[in-house]
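> Just a sequence and a predicted model for now, questions to come.
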Amino acid sequence: GAGVSQSPRYKVAKRGQDVALRCDPISGHVSLFWYQQALGQGPEFLTYFQNEAQLDKSGLPSDRFFAERPEGSVSTLKIQRTQQEDSAVYLCASSQSRDRGLGEQFFGPGTRLTVL
Amino acid sequence: ILNVEQSPQSLHVQEGDSTNFTCSFPSSNFYALHWYRWETAKSPEALFVMTLNGDEKKKGRISATLNTKEGYSYLYIKGSQPEDSATYLCAFSQGGYQKVTFGTGTKLQVIP
């Protein structure tokens, strides 16, 4: 079946604009993760959902970042009043496992956000 | 903050050469260690997940070992091919919290 998809693939925003990034996980996958990857770094954890419940948002860098997964499938990561330091690739991953430390994660292609 | 370190940061090998690289992680309260391959313009894809000290996993020409007591894992590629060119990421989780922490990756380029 289809893999994880993300949209848009590329987003350019002016500083101060709000952006919304979408993730469509693999159908039936319980767990969903958001990561931020800055240039030259590994993916940094942002937040974790199990179905519609956001069980961990400890990685969100500020209260300008907000994520939701209202029906336990599609998820949206919203960034308000974007800053230049928000420029990064945002990766979404899903897993059929409820064990987030053990389950294999299937990644989307990422959204590259550039804030001017 | 968990430190997951990978070395080297990048390397170039000739086609046909074998190579290996390292992932180091905290040895306390180990839960699982993952390896992912990330080819340019594609999504990261899982290679292995390992949980037991002394674990060895193999997929084709790629294999991995795990030492949880000293906190390291090796990834080996035998007879490298150009299609092995990618960034190899390891990711570690501890018991209890179980959040997966990624290393910065080793970027491999295989020269034909």
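Received it, and whenever you're ready, just let me know what you need.
> So which elements touch the helix or strand of chain B with the lowest mean pLDDT?
In chain B, no helix or strand scores lower on mean pLDDT, DSSP states H and E than strand B:100-102, which sits at a mean of 92. In terms of contacts (3 or more C-beta pairs under 8 Å, 6 or more residues apart in numbering or on different chains; DSSP states H and E), strand B:100-102 is packed against strand A:44-50, strand B:86-94. The C-beta positions use only the backbone N, C-alpha and C, and glycine is treated the same way.
> Output those strands as JSON lines; include the columns distance to B:Phe48 and mean pLDDT.
What follows is the helices and strands packed on strand B:100-102, written out as JSON lines (distance: least, C-beta to C-beta, whole Å; pLDDT from 0 to 100):
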{"stretch": "strand A:44-50", "distance to B:Phe48": "20", "mean pLDDT": "96"}
{"stretch": "strand B:86-94", "distance to B:Phe48": "9", "mean pLDDT": "95"}
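> okay, those strands, which one's buried deepest?
strand B:86-94 (a mean of 23; mean count of other C-beta atoms under 10 Å in any protein chain shown).
> touching chain A at all, that strand?
Yes: using C-beta under 8 Å from any C-beta of the partner chain, we find that strand B:86-94 touches chain A at B:89, B:93-94.
> Mind giving me the packing neighbours of that strand?
strand B:5-7, strand B:19-24, strand B:30-38, strand B:72-77, strand B:100-102, strand B:106-111.
> May I have stretch A:74-91 as CSV, with CA atoms only?
Output in CSV follows, covering the C-alpha atoms of stretch A:74-91 (Å, rounded to 0.1, in the frame of the first residue of the first chain):
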residue,chain,number,x,y,z
VAL,A,74,-3.8,12.6,9.4
SER,A,75,-1.6,14.9,11.5
THR,A,76,-0.8,18.6,11.1
LEU,A,77,2.2,20.4,12.5
LYS,A,78,1.6,24.1,12.8
ILE,A,79,4.2,26.7,13.3
GLN,A,80,3.0,30.2,14.2
ARG,A,81,5.0,33.4,13.6
THR,A,82,7.8,31.5,11.9
GLN,A,83,11.4,32.5,12.6
GLN,A,84,14.6,31.9,10.6
GLU,A,85,15.7,29.3,13.0
ASP,A,86,12.6,27.2,12.1
SER,A,87,14.2,26.5,8.7
ALA,A,88,14.7,22.8,8.6
VAL,A,89,13.3,19.6,7.1
TYR,A,90,10.3,18.3,9.0
LEU,A,91,9.9,14.6,9.0
